[in-house]
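Engineer: Based on what follows, work out the 3D shape:
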Amino acid sequence: MLIQKRHRDSIRAATWSTREWRILALSLITSFMAALIGVAINFNHSVALFFRPHADQPLVQFLVNFLVVWLVVLLLASYFRWRKAAIKNEELEDIVDSISPDVMIVVDSQRNILMTSASVLRMFGHDPDEVLGRKTELLYCDRRSFSNDRHEIYDALEKEGFHIGLAKGIRKDGRTFPLEIISGILKVHGGSVLLLRDITERKHAEELLLSREVQLRQSQKMEALGLLAGGVAHDFNNLLTSILGFGTLALESLPAEHPAHADMKEVLHSAERATKLTTQLLAVGRKQKLEMTPLNLNAVVEGMVLLLKRTLREDIILDVQLDPQTGIVEADSGGVEQVLLNLAVNARDAMPQGGSLLIQTRPITLDDHYCQTHVAVEPGTYGMLVVRDSGIGMSQEVKDHIFEPFFTTKGMGKGTGLGLSLVYGIVRQCGGYVEVDSHPGSGTEFRIFFRTMKKEDMNSVSVGAVPSRNGTERILIVEDDNAVRGFLVRILSGLGYQVIEAQSPGEALQYGRDRQGGIDLILADVVLPGMSGSELVNRMHEFFPAVRVLYVTGFDSAQVIQHGVDPARDVVVMKPFTQEFLASKVRQVLDVEGVSGGAS
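Structural biologist: Presented below is the predicted three-dimensional model:
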């Protein structure tokens, strides 16, 4: 209910209406006059001499009785009317207090609090009697400053009659909280009514939403950059396939004493370095082919300790803490090793004067509350890998860009800018998540989460033997890139195979229609002009139903599947590849038991 401060000014602090005040005043005046008449009749001798001769007259008695009865009735009616209105107001105010946590106050033009609701105790901690007559600064502090002791919202109220603003609420114990003030002017009473609303939860929700929007934008930016890096890597793969292939053939044809022999070895060495670069680009774009297996995270870390010690300087102390309860995670072993090495190198460069590097593993459960504040994170049990250094740390501006490809804070020639973006790509491709916490001068901590596996999901992986290289079977090569096709023809012809080359699916289909001879193997690119490799193979099966198939591609598994090829079912060779690897795969496909040769 509203609690008021009593004032002599009946207009400022009135609890009755003006009409009720007038009725009360009239009743009091009438009562006073009736009392005078009664006194006059009974005690005033001079007046009594006048009235007594007429006291027994019926008209005088009627008038006296009428006045007394009228006065009593008027007083009772006014009282019950006032009491009924007061009870109704109390009930309404109790309802408002019970259903609304907001505080309602009435103030004058000098910011003095004249009335307040009882909920002021719940929101601010003040008893209602403590705030009556006090300034509004007791409850909140407006962000603006005003002169002439004017109310903060009066300028807006005089123009619009209604205003919504924000302020900083002040509790009795000194704690502050965000406050919304909804104000309206009281034109009759010369003040204003304020509705004070605690918007702490709303502000928290807005900050949470803003944080998720920032994370989503960062995720989308990383996805776009990854697509670009992956596309560039695919084009490089075709070039590197021919460079490595023809370079290897040229090197084999040169005797060791030839002057160009050393030069050719250097060319191949540079090509191999370029291959590693494209592998990193594919990892950044999450298009690298990773082998997801049950992995003991502690065992991987232990196996990397010696290499990490050699990577770090002597003035850096390596501390490894492994929790045996971390469990088995699903990840790529080589990818996790690459992540550890990149983070260690990054930590080393961040500690030019030496320091400490902590590598820690432990199990952790990410609940729904955590996932609500982190984009794309799913609840569950994870194995967490922590890499913490005592280096120079990073500013927020640097943290916003550290996972972007080619972003680096190192000097010219000291970094490619792919280290941390490679970490991000590998972790996300493994189905994990990565967080970073860093402040200038306080070091940096990376937290990487890999989902743990159940025992029933842990399957062993078998490795087959490497088949022989040479053969005499007939192979149809369908590849639109001239350099790659030339390399394939050169390699397979040199191994004794009968090679037929086709630059397009149309040429391959024409060969099938002409039935110039049987085919034992179709070696086709996954993506070809006019139709995909899988569509071509389906068409070729009309001419050669039992022909075997081997696909080559520079795309990632997801795009390969989109073109109708399933890496789990079909044999796919990823570019770039060496002639030894290609020869072994060709022989492996041709030697599959239970499948006859090509139809003639």
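Engineer: which residues of the stretch 101-250 of the chain score low on pLDDT?
Structural biologist: 142-162, 187-190, 212, 214-235 (pLDDT under 70).
Engineer: Strands of that one, residue ranges please.
Structural biologist: With DSSP state E, counting those that start in this stretch as the criterion, the stretch 101-250 of the chain has strands at 103-108, 113-117, 140-142, 162-170, 176-186, 191-198.
Engineer: between these, which gets nearest to residue 562?
Structural biologist: strand 176-186 (49.2 Å; Cβ to Cβ). Where you see a C-beta, it was placed from the backbone N, CA and C, and this is true even at glycine.
Engineer: just to revisit the earlier point, tell me which of the strands of the stretch 101-250 of the chain lies nearest to residue 374.
Structural biologist: Among the strands of the stretch 101-250 of the chain, if distance is taken as Cβ to Cβ, the winner is strand 176-186, at 24.3 Å.
Engineer: Remind me what the closest one packs against, helices and strands.
Structural biologist: Packing partners of strand 176-186 (3 or more Cβ pairs under 8 Å, 6 or more residues apart in numbering; DSSP states H and E): strand 140-142, helix 154-160, strand 162-170, strand 191-198, helix 200-253.
Engineer: what's the spacing between residue 495 and residue 589?
Structural biologist: 14 Å (Cβ to Cβ, to the nearest Å).
Engineer: Could you chop this structure up by domain?
Structural biologist: When the chain is parsed with automatic domain parsing, its domains come out as 2-98, 103-198, 212-284, 293-457, 474-590.
Engineer: Arrange these in a markdown table, one row each, with mean neighbour count and distance to residue 205 as further columns.
Structural biologist: A markdown table is the format used below for the domains of the chain (neighbours: other Cβ atoms under 10 Å; distance: least, Cβ to Cβ, whole Å):
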| stretch | mean neighbour count | distance to residue 205 |
| --- | --- | --- |
| domain 2-98 | 13 | 25 |
| domain 103-198 | 16 | 12 |
| domain 212-284 | 16 | 11 |
| domain 293-457 | 17 | 11 |
| domain 474-590 | 18 | 36 |
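Engineer: Sheet partners, orientation included, of the helix or strand containing residue 500?
Structural biologist: For residue 500, the host element (DSSP states H and E) is strand 498-502. Its sheet considered, strand 498-502 pairs with strand 474-478 (parallel) by DSSP bridges.
Engineer: now the strands for the stretch 351-500 of the chain?
Structural biologist: Under DSSP E, counting those that start in this stretch, the stretch 351-500 of the chain gives strands at 355-366, 380-389, 433-438, 444-451, 474-478, 498-502.
Engineer: Adding distance to residue 342 and mean pLDDT, write those out as JSON lines.
Structural biologist: JSON lines is the format used below for those (distance: least, Cβ to Cβ, whole Å; pLDDT from 0 to 100):
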{"stretch": "strand 355-366", "distance to residue 342": "13", "mean pLDDT": "92"}
{"stretch": "strand 380-389", "distance to residue 342": "10", "mean pLDDT": "92"}
{"stretch": "strand 433-438", "distance to residue 342": "11", "mean pLDDT": "90"}
{"stretch": "strand 444-451", "distance to residue 342": "10", "mean pLDDT": "92"}
{"stretch": "strand 474-478", "distance to residue 342": "38", "mean pLDDT": "92"}
{"stretch": "strand 498-502", "distance to residue 342": "42", "mean pLDDT": "91"}
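Engineer: Let me have the ones you listed in TSV, adding distance to residue 237 as columns.
Structural biologist: As requested, the strands of the stretch 351-500 of the chain are exported to TSV (distance: least, Cβ to Cβ, whole Å):
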stretch	distance to residue 237
strand 355-366	34
strand 380-389	30
strand 433-438	26
strand 444-451	28
strand 474-478	17
strand 498-502	20
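Engineer: residues contacting residue 394?
Structural biologist: 402, 436, 438-440, 444 (Cβ atoms under 8 Å, 6 or more residues apart in numbering).
Engineer: at 7 Å what do you get?
Structural biologist: Residues near residue 394 by Cβ atoms under 7 Å, 6 or more residues apart in numbering: 402, 438, 440, 444.
Engineer: How about residue 122?
Structural biologist: residue 101 are the contacts of residue 122 under Cβ under 7 Å, 6+ apart.
Engineer: circling back to that earlier point, make a markdown table out of the domains of the chain and add distance to residue 204.
Structural biologist: What follows is the domains of the chain, written out as a markdown table (distance: least, Cβ to Cβ, whole Å):
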| stretch | distance to residue 204 |
| --- | --- |
| domain 2-98 | 25 |
| domain 103-198 | 9 |
| domain 212-284 | 13 |
| domain 293-457 | 11 |
| domain 474-590 | 38 |
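Engineer: Bridge partners for the residue lying closest to residue 164 once chain neighbours are set aside, pull those for me.
Structural biologist: Nearest residue to residue 164 in three dimensions, chain neighbours excluded: residue 182, at 5.3 Å (Cβ to Cβ, 6 or more residues apart in numbering). Taking DSSP bridges as the rule, residue 182 bridges to residue 164, residue 195.
Engineer: and if you look at residue 447?
Structural biologist: Where residue 447 sits in a bridge, its partners, by DSSP bridges, are residue 386, residue 435.
Engineer: right, and residue 141 touches residue 166 too?
Structural biologist: No: judged on Cβ atoms under 7 Å, residue 141 makes no contact with residue 166 at a distance of 11.2 Å.
Engineer: ok, back up a step: tell me the one of the contacts of residue 394 nearest residue 274?
Structural biologist: Distances from residue 274 to these, taken by Cβ to Cβ, are shortest for residue 402, at 24.8 Å.
Engineer: Next, the contact list for that closest one, please.
Structural biologist: 394, 420, 436.
Engineer: For the last one, which residues are in contact?
Structural biologist: By Cβ under 7 Å, 6+ apart, the residues touching residue 436 are 399, 402, 444, 446.
Engineer: Just the closest of these to residue 320, please.
Structural biologist: Nearest member of the contacts of residue 436 to residue 320, counting by Cβ to Cβ, is residue 446, at 15.1 Å.
Engineer: ok, now how distant is that closest one from residue 357?
Structural biologist: On the measure of Cβ to Cβ, residue 446 and residue 357 end up 11 Å apart.
Engineer: Need the per-residue pLDDT for residue 534.
Structural biologist: In this model, residue 534 is scored at 90, pLDDT.
Engineer: Please read the previous query as pertaining to residue 2.
Structural biologist: Confidence score, pLDDT, at residue 2: 51.
Engineer: can you list the strands of the stretch 101-250 of the chain in a markdown table and add distance to residue 581?
Structural biologist: Output for the strands of the stretch 101-250 of the chain, formatted as a markdown table (distance: least, Cβ to Cβ, whole Å):
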| stretch | distance to residue 581 |
| --- | --- |
| strand 103-108 | 76 |
| strand 113-117 | 80 |
| strand 140-142 | 73 |
| strand 162-170 | 66 |
| strand 176-186 | 63 |
| strand 191-198 | 67 |
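Engineer: Indicate which one of those strands is closest to residue 532.
Structural biologist: Between residue 532 and the strands of the stretch 101-250 of the chain, the tightest spacing by Cβ to Cβ is seen for strand 176-186, at 57.8 Å.
Engineer: tilt between the closest one and strand 191-198?
Structural biologist: Interaxial angle, strand 176-186 versus strand 191-198 (axes from the mean of the first three to the mean of the last three Cα atoms, to 10 degrees): 150 degrees.
Engineer: So which residues make contact with strand 176-186?
Structural biologist: So strand 176-186 is contacted by 140, 153, 157, 161-170, 192-200, 203 (Cβ under 7 Å, 6+ apart).
Engineer: Nothing else from me, thank you.
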